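**Student:** Any chance you could fold what I've pasted below:
(4 chains)
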There are 2 protein chains.
Amino acid sequence: MTLGSAAGAPTHARRRAGRPPQAVLSSARITKAALKLVSADGYKGLTMAALAKSLNVAPSALYNHVRSKQDVLLLVEDHLMGRVDVTAFGVEPWAEAVKIWAHSYRNVFAAHLPLIPVIALLPVTNAPATITMYEAVTKGFLAAGWPSDSIIDAVVALESFIYGSAYDVNAPADIFDAGSLAPQAPHFAAAVTQRSNPGGQSDANAAFTLGLSAMIAGLLATSTRVSDTE
Amino acid sequence: MTLGSAAGAPTHARRRAGRPPQAVLSSARITKAALKLVSADGYKGLTMAALAKSLNVAPSALYNHVRSKQDVLLLVEDHLMGRVDVTAFGVEPWAEAVKIWAHSYRNVFAAHLPLIPVIALLPVTNAPATITMYEAVTKGFLAAGWPSDSIIDAVVALESFIYGSAYDVNAPADIFDAGSLAPQAPHFAAAVTQRSNPGGQSDANAAFTLGLSAMIAGLLATSTRVSDTE
DNA sequence: TAATCTAAATGAACGGCATTCATTTAGTGA
DNA sequence: TCACTAAATGAATGCCGTTCATTTAGATTA
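**Tutor:** Purely as a prediction, here's the structure:
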């Protein structure tokens, strides 16, 4: 029992100040730890202090690898983008591939709502998985004969719908309950009551399926694309 | 020049503790002050301390009228919902009315992005202007012969697209710039470069117009509605 | 009219948060 | 060998939302 000798328990061993012989942190470890924290506690649990603690490090150490918390969110976002399923492009017909991609995209980020402003507002520079996803989607559109000058607009339109739909997944069931104000909005209140529930799927899924089918049909009808593998 | 006598400057007069003879705060005053702060400084400037200061009140006083900062955001949200243009419903054909409504809706909230989670996730109970907006929209759909059991789903789908598009308005111009990773995503990079710019409108507007037209066309094609004033 | 209850303000305090800075230690390149 | 840089600690900062005890004024009731 000399100085801090106690065998085992390396997790709690306190590191002395100064650069350690072997680097403790890396972007990959930070990303992984952040994801684990989010899975356990949600985004309210993702603080720089908690992240540091889970990595057995002082909070300020994180700033040697990351400029800000936003940077951490960007790391997580890019990692998750790798989970979006783009494998249907070039295999299934375009409309079907878009549906599979969109469902997967929405499902991934419905569980990570606070990342949506990050995806929607931050440049893709230094987000390799994100760029890889866009490359696969673009190739899928090109293979279906889509005119290249309208691909980005079509993808942005679909993404906008996907982001909004991700929020909708997290809306409470009573979001349209007008409560005491219902008498002042009779048609609306009636429509909410009569909302059908085909196949027992949730409201969010019904709206998502309806809107996605509509947008895909509309894009097909509007576009001047040259049919190909579609 | 007796105790705090200096004439004028009622703005800086310090109130003594205790209930004032005439109420200083109200929901309406709080809402107005919050909106003014946001206009001046954006949502980063909307803090409880700043809000209190602009109302010449201690921060804790706000909590007599509001349960939390979320409540303040809800007040602002509902106020803004009154600015969404629903006047075209019942006047213009359905497709045209939806376009006018959607553009207005997106434009209002593109300037208030932090409110989108509030709208998308909080019940409409106690948000009278929001309920009024939904009533007008519902009536517009009914008048166009829309089956009442699919109205809410259609509105939710449109709203999802609108929320996502509001984010897109605020995206930087270079959001799709892959930077040094461009060589690894040649098709995507090319599509970004070739993105057309019809009529000199911004990228966000092009994508919004395209997606909105597509969804409206798709909804019309999909639905089993009974044509009417449409 | 007096006593009680409630509404609405002040001001001090709290804990949590992201971030910064001085310092220490270890590897790296000239 | 010496300077430079990378990567850690730990103390400190400032902001933020929120709570609480307290004070004062209006409203209700006996």
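**Student:** Okay, helices next: where are they in chain A?
**Tutor:** Here chain A has its helices, by DSSP state H, at A:27-41, A:48-54, A:59-62, A:69-81, A:94-110, A:116-121, A:128-143, A:151-169, A:186-194, A:203-222.
**Student:** So for the residue nearest the centre of chain A, what's the pLDDT?
**Tutor:** A centroid search over chain A (C-alpha atoms, centre = their mean) returns A:Phe109, at 2.8 Å, as the residue closest to the centre. What the model reports as pLDDT for A:Phe109 is 98.
**Student:** how close does it get to A:Ala52?
**Tutor:** 26 Å (C-beta to C-beta, to the nearest Å). C-beta: built from backbone N, CA, C; applies to glycine.
**Student:** gap between A:Ile116 and chain B?
**Tutor:** 7 Å (C-beta to the nearest C-beta, to the nearest Å).
**Student:** show me what contacts that residue?
**Tutor:** A:109, A:163, A:166-167, B:167 (C-beta atoms under 8 Å, 6 or more residues apart in numbering or on different chains).
**Student:** can we see that at 7 Å?
**Tutor:** A:109, A:163, A:166 (C-beta atoms under 7 Å, 6 or more residues apart in numbering or on different chains).
**Student:** show me where pLDDT drops low in chain A?
**Tutor:** A:1-13, A:17-18, A:198-200, A:225-230 (pLDDT under 70).
**Student:** try 90 this time
**Tutor:** A:1-24, A:126, A:196-202, A:222-230 (pLDDT under 90).
**Student:** what domains does the record give for it?
**Tutor:** A:27-66, A:80-222 (automatic domain parsing).
**Student:** Including distance to B:Asp78, could these go into TSV?
**Tutor:** Listed next are the domains of chain A as TSV, based on distance: least, C-beta to C-beta, whole Å:
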stretch	distance to B:Asp78
domain A:27-66	25
domain A:80-222	11
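**Student:** Identify whichever of those lies nearest to DNA strand D.
**Tutor:** Smallest distance to DNA strand D across the domains of chain A (C-beta to the nearest atom of the strand): 2.7 Å, for domain A:27-66.
**Student:** Pull up the distance across that closest one, start to finish.
**Tutor:** 8 Å (C-alpha to C-alpha, to the nearest Å).
**Student:** Pull out the buried positions in that domain.
**Tutor:** For domain A:27-66, the neighbour count (16 or more other C-beta atoms under 10 Å in any protein chain shown) marks A:30-35, A:37-38, A:46, A:50-52, A:54-57, A:62, A:65-66 as buried.
**Student:** ok, now stretch A:91-99?
**Tutor:** For stretch A:91-99, by 16+ other C-beta under 10 Å, it's A:92, A:94, A:97-99.
**Student:** Which one of these is nearest to A:Phe176?
**Tutor:** Proximity of those to A:Phe176 (C-beta to C-beta) peaks at A:Lys99, which lies at 26.1 Å.
**Student:** Tabulate the helices of chain A in a markdown table, adding columns for distance to DNA strand D.
**Tutor:** Below are the helices of chain A laid out as a markdown table (distance: least, C-beta to the nearest atom of the strand, whole Å):
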| stretch | distance to DNA strand D |
| --- | --- |
| helix A:27-41 | 9 |
| helix A:48-54 | 7 |
| helix A:59-62 | 3 |
| helix A:69-81 | 12 |
| helix A:94-110 | 25 |
| helix A:116-121 | 17 |
| helix A:128-143 | 20 |
| helix A:151-169 | 21 |
| helix A:186-194 | 29 |
| helix A:203-222 | 27 |
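**Student:** Can you say which of those is packed in most?
**Tutor:** With neighbours defined as mean count of other C-beta atoms under 10 Å in any protein chain shown, the helices of chain A peak in mean count at helix A:151-169, which reaches a mean of 26.
**Student:** okay, that one in CSV with CA atoms only?
**Tutor:** Extracted C-alpha coordinates of helix A:151-169, given in CSV (Å, rounded to 0.1, in the frame of the first residue of the first chain):
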residue,chain,number,x,y,z
ILE,A,151,-31.1,16.1,-58.6
ILE,A,152,-29.9,18.2,-55.7
ASP,A,153,-33.2,20.1,-55.5
ALA,A,154,-35.2,16.8,-55.5
VAL,A,155,-32.9,15.4,-52.7
VAL,A,156,-33.2,18.6,-50.7
ALA,A,157,-37.0,18.5,-51.0
LEU,A,158,-37.1,14.8,-49.9
GLU,A,159,-34.7,15.5,-47.0
SER,A,160,-36.8,18.5,-45.8
PHE,A,161,-39.8,16.2,-45.6
ILE,A,162,-37.7,13.6,-43.9
TYR,A,163,-36.5,16.0,-41.2
GLY,A,164,-39.9,17.3,-40.5
SER,A,165,-41.2,13.7,-40.3
ALA,A,166,-38.5,12.8,-37.8
TYR,A,167,-39.9,15.4,-35.5
ASP,A,168,-43.4,14.1,-36.0
VAL,A,169,-42.4,10.6,-34.9
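**Student:** between it and helix A:203-222, how big is the angle?
**Tutor:** 160 degrees (axes from the mean of the first three to the mean of the last three C-alpha atoms, to 10 degrees).
**Student:** what's the closest non-adjacent residue to A:Ala52?
**Tutor:** Leaving out its chain neighbours, the residue that sits closest to A:Ala52 by C-beta to C-beta, 6 or more residues apart in numbering or on different chains is A:Pro59, at 4.1 Å.
**Student:** contacting residues around that neighbour?
**Tutor:** A:48-49, A:52.
**Student:** Apply 8 Å and report the result again.
**Tutor:** A:48-49, A:51-52.
**Student:** Thanks a lot, see you next time.
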